[in-house]
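*Asks:* Next comes the sequence, and after it the predicted model I'd like to discuss.
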Amino acid sequence: MIAELFLQTLLDYLAMPQMWGLAVLGVAIGIVLGALPGVSSTMALAILLPVSFGMEPAQAMLFLIAVFVASVYGGSISAILINIPGTPGAIVTQFDGYPMAQAGRAGHALSLALIASTIGGLIGLALLVTLAPLVAGAAMSFRSPEFAMATVFGLVLLSFASGGSVFRGILVGAVGVALGMVGFDRLTDIGRFDFNTRALQGGIELVPVTVGIFGLAEVLRNMAAGPQGIPRIPPIGSLLMPARALARLWAPVARGGVIGTFIGAIPAAGSAIAVAVTYAQEKRLSRRPEAFGKGEPVGIAAPESANSASVGGSFVPMMTLGIPGDPITAVLMGALLIHGLRPGPMLFANNPGFVAGIYVAVFFAIVLTLLVGFAFMRAFTAILRVPRPLLFTIIALLCVVGAYAIRNSIVDVYIMLIFGVVGYVMMVLRLPPAPLVFGLILGPIMEENLRRTLILSGGRWEVFIERPISLTLILLSLAVILSPLLAAGWRGLRSRAQG
Amino acid sequence: MQRRQFTGYLAAAACALGVGSLSAPAQAFPERPITMVVAWPAGGGHDTVTRLLTEFLEQELPTSVVVTNVPGAAGATGVRQVEEAAADGYTLGVLGLHATAQSYMNENATALDRLEPLAVINIEPAALAVRADTGIEDFAGFLEFARANPGGIINGNDSPGGFSFLNAAFIENYFDIQLTKVPYQGYAPTVAALVSGEVMATTLPVPMLADLHDAGEVRILGVAAEDRHFRVPEVPTFTELGHGYVVTDYVMVYGPAGIPQDRRDALEAALMAAMASEAFQERARGMGLMLQPGGADDAAALMAAMDDLVYPIMEDADLVTVRAR
């Protein structure tokens, strides 16, 4: 039934020019706001929420969803071109996107990100439409113990996935986890490691750290290189990747889409976690993990698919249970409520046409983002033609603005500056910066869920091995840690047997 | 600091553009945009209601009203930013009971007497709900279960500064029972925990639970308000059940202490007019908000009443660490 309604609504929308206009407008605004560092998808939506008050509910949803979907792609444009993630969901895109652009393949990187986003978004939508109750059930069985062990698994993957020395990766990751402990403790609201200053009570925010450690550090590196060291302007290259190269990426894109949808559906997880897990996993699965971080296309394709798929995923708890999965869907839910529509199980029964309208809006937004994205891709890349000294000045300025905008706090600008220097020093010492960001994302989630699990179990640690999903995650983590040892042991045994 | 300078420049620019030369009286207020600080992230409950109100407030004022989100430290950072702003009526904010709780828990948080309430927007009464599969039918059954199994009720709530935590602590205190209070980061994760069965009860307010209640998955046992909640009219108040348990969170507009009287009056009048609008009320009710528009005196009275109610219970729960009375 929902399929019929979906088609019907799609045809209706296609016949209405004002819907086209609204969606294109939303996509354009979304790409621009998403590309601006410091303006996350959530903020873009919150800013535009009042604009939607005057619209009909269906129009309002189409407009806001178009902004949402497009901002996810917009975030990767700045990640690829200037090494600053426009939104938290784009934080890993730059690991390989920026090196790729610097190597003269900006066009490939952008179009790969766009195509992967589109496919990921469609995977997320398809799972939302067909399997929403199932995905919701699976996401709901993912509770505190599973969450805690999933982050352990994530950190284990990352320590092996950070390139070069495993030891350096673990070291930097541990620093990231420690930084995540600064500020109010999530369970007791007691300040920690804040040296009793007001500045650190609010904790160390992810965005200023990311902007500093990648964006500003890159500016510093170029400055330190002096006038002779300024690299020539890289060519943009052709926009479209060869179809054969694209086709080889189908598996990472599909995996990213499924993981992104699922993680997006877990309340309070969010796209930053989805991309972190996807990136770590692809690096682990890859036959040439050493290429990651140097412009490996898989490192763009999989996370981009994941962050767009998490859009569909984040709608799952909202549509099936009436719970906003993340702050972004909370804004959308706010918009629905203001129009007197209450998402949740009752909406399917009482107003299936509107449910179909939301699905169509997601579909519309994904397709239009693809079209608008391609239409303006040349224009985006024009930023690379800006003379280097001017470009780096603009990037430095954007770093400051982005860090300030995330919560209107000057402290975040200081944090960004400090991490800019930290990032530069890490570059000099050849320490990988990525694990620090992953530690900062995963550490607080691990701690919160670990401690909550122990409150729930009355201090019994056995609970982690009594629950099947949690046990599986522990075994997987152990397998990742022990496999090199076992492999070495096996080779040792064989060579002795032969000898 | 930087912000004030910046708005100063804005004002100067506005004057230079000749705004000041319009036929308005010398002390026209407001003559530049008003900043409304929300101490929670964009998209949260406080943010949504503020953005809605701002839409209507702008129709009552000759300037625009800009919402800025300054989250952090359980709402303390945003409130402090308003406290430290110039008391000229151009920096306002919205707050709830979190500001009261933080003022006793966090020495860097703002003391309530440094703030000046301007208007109440809505109240959000405390409530108590259980999963339907617990077999607990009503509040009497809940009390019976809790007394028979101290700590046996696994309750989902905020971390200690949040309203649903305070509500849980109040219920423990008021009815002399013991709950296992499990903290979550905000209302949505708490609802998810209740739906998934990780917790069996929750002390969240009504709007988050009304749908699940209607669907029969969750049973709301009581509402801690004077009147029943319009979203779930069949649920009794605790007063009706014979317990004088009335605790409510609220959203109110406030500014730093010391705003000149005439500006305060102008702001209060504009806020009341905005909230009287039919369209505002309709939309706010659609969001499940229990509107209780009230002026500065009502706001101050509500804040003081909840302060008196909260303080002894926080003291009992060892939550008062600074500014003991």
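*Replies:* That came in fine, so what should we check first? Numbers count the residues shown, from 1 in each chain, chains lettered A, B, ... in the order given.
*Asks:* So residue B:222, which state does it fall into?
*Replies:* When the structure is split into helix, strand and coil by DSSP: H, G, I helix; E, B strand; the rest coil, residue B:222 lands in strand.
*Asks:* Report how many residues lie close to it.
*Replies:* 23 (other C-beta atoms under 10 Å in any protein chain shown). Where you see a C-beta, it was placed from the backbone N, CA and C, and this is true even at glycine.
*Asks:* Report the central residue of chain B.
*Replies:* Nearest to the mean C-alpha position of chain B, by C-alpha atoms, centre = their mean, lies residue B:96 at 2.9 Å.
*Asks:* who touches stretch A:174-184?
*Replies:* A:155, A:190-194, A:200-204, A:209, A:435-444, A:446-447, B:72-74, B:159 (C-beta atoms under 8 Å, 6 or more residues apart in numbering or on different chains).
*Asks:* of those, buried ones?
*Replies:* Listed as buried from the contacts of stretch A:174-184 are A:155, A:191, A:194, A:200-204, A:209, A:435-444, A:446-447, B:72-74, B:159; burial here means 16 or more other C-beta atoms under 10 Å in any protein chain shown.
*Asks:* residues contacting whatever residue of the stretch 51-200 of chain B ends up closest to chain A?
*Replies:* Residue nearest to chain A within the stretch 51-200 of chain B: residue B:72 (2.7 Å; C-beta to the nearest C-beta). Contacts here follow C-beta under 8 Å, 6+ apart; on that basis residue B:72 touches A:183, A:201, A:202, A:203, A:407, A:409, B:78.
*Asks:* and the strand or helix carrying residue A:109, what other elements does it pack with?
*Replies:* Residue A:109 is part of helix A:106-140 when elements are defined by DSSP states H and E. Applying 3 or more C-beta pairs under 8 Å, 6 or more residues apart in numbering or on different chains; DSSP states H and E, one finds that helix A:106-140 makes contact with helix A:2-14, helix A:57-82, helix A:93-100, helix A:250-265, helix A:298-321, helix A:352-375, helix A:377-381, helix B:187-196.
*Asks:* I'd like the mean pLDDT over the longest one, please.
*Replies:* Think helix A:57-82. Across helix A:57-82, the average pLDDT comes to 91.
*Asks:* among the buried ones among the contacts of stretch A:174-184, which are in helices?
*Replies:* Within the buried ones among the contacts of stretch A:174-184, residues falling in helices by DSSP state H are A:155, A:209, A:435-444, A:446-447.
*Asks:* Serialize the residues you listed to JSON lines and add fields for pLDDT and distance to chain B.
*Replies:* Rendered in JSON lines, the data for these read as follows (pLDDT from 0 to 100; distance: C-beta to the nearest C-beta, whole Å):
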{"residue": "A:155", "pLDDT": "80", "distance to chain B": "20"}
{"residue": "A:209", "pLDDT": "91", "distance to chain B": "15"}
{"residue": "A:435", "pLDDT": "83", "distance to chain B": "24"}
{"residue": "A:436", "pLDDT": "88", "distance to chain B": "21"}
{"residue": "A:437", "pLDDT": "84", "distance to chain B": "20"}
{"residue": "A:438", "pLDDT": "82", "distance to chain B": "20"}
{"residue": "A:439", "pLDDT": "86", "distance to chain B": "19"}
{"residue": "A:440", "pLDDT": "87", "distance to chain B": "16"}
{"residue": "A:441", "pLDDT": "82", "distance to chain B": "14"}
{"residue": "A:442", "pLDDT": "84", "distance to chain B": "15"}
{"residue": "A:443", "pLDDT": "88", "distance to chain B": "15"}
{"residue": "A:444", "pLDDT": "88", "distance to chain B": "10"}
{"residue": "A:446", "pLDDT": "89", "distance to chain B": "14"}
{"residue": "A:447", "pLDDT": "92", "distance to chain B": "12"}
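*Asks:* need those residues in CSV with distance to residue B:241, can you?
*Replies:* Below are these laid out as CSV (distance: C-beta to C-beta, whole Å):
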residue, distance to residue B:241
A:155, 49
A:209, 50
A:435, 55
A:436, 54
A:437, 51
A:438, 50
A:439, 49
A:440, 47
A:441, 45
A:442, 45
A:443, 45
A:444, 40
A:446, 42
A:447, 40
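*Asks:* How much space separates residue A:421 from residue B:146?
*Replies:* Look at residue A:421 and residue B:146: by C-beta to C-beta, to the nearest Å, they are 55 Å apart.
*Asks:* So which of those two has more stuff around it?
*Replies:* Applying other C-beta under 10 Å to residue A:421 and residue B:146 shows that residue B:146 carries more neighbours, namely 22 against 14.
*Asks:* isn't residue A:217 right up against residue A:418?
*Replies:* No - Residue A:217 is beyond contact range of residue A:418, at 11.1 Å (criterion: C-beta atoms under 8 Å).
*Asks:* Give me the more crowded residue out of those two.
*Replies:* With other C-beta under 10 Å as the criterion, residue A:217 and residue A:418 differ in neighbour count, and residue A:217 comes out ahead with 23 against 16.
*Asks:* name the element the more buried one belongs to?
*Replies:* helix A:217-224.
*Asks:* tell me the domain boundaries of chain A?
*Replies:* Chain A breaks down into these structural domains: A:2-466, A:467-499 (assignment by automatic domain parsing).
*Asks:* Chain B: helices as residue ranges?
*Replies:* For chain B, the helices defined by DSSP H cover B:2-16, B:45-60, B:76-84, B:97-105, B:139-148, B:163-175, B:187-196, B:210-214, B:261-276, B:278-286, B:296-316.
*Asks:* ok, back up a step: now the helix holding residue A:109: buried residues?
*Replies:* Using 16+ other C-beta under 10 Å as the burial criterion, the residues of helix A:106-140 that qualify are A:106-129, A:132, A:135-136, A:139-140.
*Asks:* Between helix A:298-321 and that helix, find me the angle.
*Replies:* Here helix A:106-140 runs at 40 degrees with respect to helix A:298-321, directions being taken by axes from the mean of the first three to the mean of the last three C-alpha atoms, to 10 degrees.
*Asks:* Quick one: distance of helix A:106-140 to the chain centre.
*Replies:* For helix A:106-140, the distance between its averaged C-alpha position and the chain's averaged C-alpha position is 12 Å (C-alpha atoms, centre = their mean, to the nearest Å).
*Asks:* what do you get for stretch A:489-499?
*Replies:* If you compare the mean C-alpha spot of stretch A:489-499 with that of the full chain, they lie 44 Å apart, counting by C-alpha atoms, centre = their mean.
*Asks:* Equivalent analysis for stretch A:91-103, please.
*Replies:* For stretch A:91-103, the gap between its own C-alpha mean and the chain's C-alpha mean amounts to 14 Å (C-alpha atoms, centre = their mean).
*Asks:* can you pull the buried residues of it?
*Replies:* With burial defined by 16+ other C-beta under 10 Å, the residues of stretch A:91-103 counted as buried are A:91, A:92, A:93, A:94, A:95, A:96, A:97, A:98, A:99, A:100, A:101, A:102.
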